[in-house]
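Chemist: predicted coordinates and the sequence they were generated for:
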Amino acid sequence: MKLYKTTRGPVIEHSGVCYQVPEGDWDRLINLNDLENMLIGIPQRASVLKEFDLKSEALAPIGNQEVWAAGVTYYRSRTARIEESKTSGGGDFYDRVYSASRPELFFKATPQRVAGSGQALRIRRDSNWNVPEPELALAVNSQGKIIGYTIGNDMSSRDIEGENPLYLPQAKIYAQCCGLGPAIYVSSKPLENTTDIHLEILRDGKQVFTGRTDLSNMKRSPAELVEYLFRDNTFPYGCFLLTGTGIVPPDEFTLEPGDEIRITIEPIGTLINKVTRFEI
Ligand code: DO4
Ligand code: MG
């Protein structure tokens, strides 16, 4: 069941048809104990939403939740970061965190730094090497239960992080640094290991990069990441946790203003964002 936050409040899409969700408060809704069953019952009870264009009315599926992210959970991310931080001597840290039992977890975004599908994401004006990081995002309620899945884009400035690993918050947290959406795929079942993550980048309508990975390449389980995140921490509204990237474009690639980033994870959908640099 796909749950959207829209200009008309929460909406579910079921077999191509949209229905209004009776609970209009997003934070309360995603923290309901029996969310999945409540949503499953809606098509029998509610009337179909008419004259409703999901594409133009959907917002980022976030209310007051914080966005966190895990790092170096894929071998590809470890290797790319060892390479980019070679001259700063940061490489050993990435190798160590890849094999340690404690994962790398970092704060990624407040809700106002998040862009939904169709909205613009930014690259920093003081960076010349920027990439999208396409990641499975876990929607977690205040009790630490994974209630569903969405798509995250952990936009990153590789030159800033590569200069010194301590610059990571600047490389990763800035205005419009995080894509999220288009919907939460609400499910109490874990996603299959074969679930594909696909990235496509278009420039002037032409493909300039494409890459894919799947969840079997992720070194840590979603449950393990959530368990660490909730150790000695509370999230009264729940939170989102991006699970790390397994797709890194070649070193000579950098995003440019005007590029379109498309990240697809079925059964969630496609998160589409254009890149800008200056407007905040
Ligand atoms: O270690 C730095 C960040 C890693 C990251 O964001 C990722 O692996 O996705
Ligand atoms: Mg990342």
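Modeler: Ah, there it is. Numbers count the residues shown, from 1 in each chain. Ligands and ions are numbered 1, 2, ... in the order given.
Chemist: near ligand 2, which residues of the stretch 151-280 of the chain?
Modeler: 154, 245 (C-beta under 5 Å from the ion). From N, CA and C alone the C-beta is placed, and that goes for glycine too.
Chemist: tell me which stretches of the stretch 151-280 of the chain form helices.
Modeler: 158-163, 168-172, 222-229 (DSSP state H, counting those that start in this stretch).
Chemist: buried deepest among those, which one?
Modeler: Mean neighbour count (mean count of other C-beta atoms under 10 Å) peaks for helix 158-163 among the helices of the stretch 151-280 of the chain, with a mean of 20.
Chemist: model confidence over it, on average?
Modeler: Helix 158-163 carries an average pLDDT of 95.
Chemist: and it, how far out from the chain middle?
Modeler: Distance of helix 158-163 from its chain centroid, counting by C-alpha atoms, centre = their mean, to the nearest Å, is 21 Å.
Chemist: does anything pack onto it? Which helices or strands?
Modeler: Using 3 or more C-beta pairs under 8 Å, 6 or more residues apart in numbering; DSSP states H and E, the elements in contact with helix 158-163 are helix 75-84, helix 168-172.
Chemist: comparing the ones you listed by mean pLDDT, which bottoms out?
Modeler: Set side by side, the helices and strands packed on helix 158-163 show their lowest mean pLDDT on helix 75-84, which sits at a mean of 88.
Chemist: for that helix, give me every contacting residue.
Modeler: 71-72, 90-91, 94-95, 98, 158, 161-162, 213, 217, 219, 244-248, 251 (C-beta atoms under 8 Å, 6 or more residues apart in numbering).
Chemist: quick one, which of those residues are buried?
Modeler: 71-72, 90-91, 94, 98, 158, 161-162, 213, 219, 244-248 (16 or more other C-beta atoms under 10 Å).
Chemist: keep only those of these that are in strands.
Modeler: Per DSSP state E, strands hold the following members of these: 71, 213.
Chemist: out of the buried ones among the contacts of helix 75-84, which two are the most distant from each other?
Modeler: Spatial extent of the buried ones among the contacts of helix 75-84 (C-beta to C-beta) is set by the pair Gly90 and Thr213 at 23.4 Å.
Chemist: point out where this protein drops to low pLDDT.
Modeler: 90-91 (pLDDT under 70).
Chemist: near ligand 1, which residues of it are found?
Modeler: 69, 71-72, 77, 81, 104, 133, 154, 168, 244-245 (C-beta under 6 Å from any ligand atom).
Chemist: go again using 5 Å as the cut-off
Modeler: Residues of the chain found near ligand 1 (C-beta under 5 Å from any ligand atom) are 71-72, 77, 133, 244-245.
Chemist: looking at those, which is nearest Asp126?
Modeler: Closest approach to Asp126 among the residues of the chain next to ligand 1 (C-beta to C-beta): Glu133, at 19.1 Å.
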